[in-house]
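**Student:** Provided below for reference: sequence and predicted model.
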Amino acid sequence: MSFYALETWIPLPDKQVDHDDMIRQWFAYVETHQKEMFPEWRSARYFKEVDRETGDLSGRYMMIFEYVDREGFQAYKERRKDWSGPYAEYKKVDPYQFFRLDTVTETFWESEDEQRWLTF
């Protein structure tokens, strides 16, 4: 059963270009180091919020992190909690430096009834 962490945020004013660049660096870093640093992760997906009618951007972004399970999420967070070891280098590509921290939200979800899910 997968466990999902959803994070949303708004970039700092006048830092959109830096934000976008750091997100690309972050994805490249995670992809390169996934097996040794993020083995509990199944996926990481990135979204921008848009108006459903016009497609205009709201300015809010979201990432969905999929973990193998809640225990895997907790093991990862425990291992990374003080940013030591290889996570010291990872912190250099942490995009939070370009987030308005007062806008960050985090919610958690567990998959349910996966046998009923549809993929087309």
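**Tutor:** Arrived safely. Everything quoted here is computed from the prediction, not taken from an experiment.

**Student:** Bridging across strands, which residues link to the residue nearest to Thr107 when sequence neighbours are not counted?
**Tutor:** Nearest non-adjacent residue to Thr107, counting by CB to CB, 6 or more residues apart in numbering: Leu6, 5.0 Å away. Quick note: C-beta positions are derived from backbone N, CA and C, even for glycine. Beta bridges link Leu6 to Ile64, Thr107, judged by DSSP bridges.

**Student:** Please tell me how far Leu6 sits from Phe120.
**Tutor:** Separation of Leu6 from Phe120 (CB to CB, to the nearest Å): 23 Å.

**Student:** When these two are compared, which one has more neighbours?
**Tutor:** Higher neighbour count among Leu6 and Phe120: Leu6, with 15 against 2, using other CB atoms under 10 Å.

**Student:** Now do the contacts for that one.
**Tutor:** Met62, Met63, Ile64, Phe65, Thr105, Glu106, Thr107, Phe108, Trp109 (CB atoms under 8 Å, 6 or more residues apart in numbering).

**Student:** let's go with 7 Å and repeat that
**Tutor:** By CB atoms under 7 Å, 6 or more residues apart in numbering, the contact set of Leu6 is Met62, Ile64, Thr107, Trp109.

**Student:** Contacts only, for the last one.
**Tutor:** Listed by CB under 7 Å, 6+ apart, the contact partners of Trp109 are Tyr4, Leu6.

**Student:** So what's the gap between the stretch of helix or strand it belongs to and the chain middle?
**Tutor:** Using DSSP states H and E, Trp109 falls within strand 105-110. Distance, stretch centre to chain centre, for strand 105-110: 11 Å (CA atoms, centre = their mean, to the nearest Å).

**Student:** can you pull the pLDDT of the residue nearest to Thr107?
**Tutor:** For Leu6, the pLDDT comes out at 98.

**Student:** Any buried residues in the strand holding Trp109, and which?
**Tutor:** By neighbour count with 16 or more other CB atoms under 10 Å, strand 105-110 contains no buried residues.

**Student:** so where do the helices sit in this protein?
**Tutor:** Assigned by DSSP state H, the helices in the chain fall at 16-37, 70-80, 86-90.
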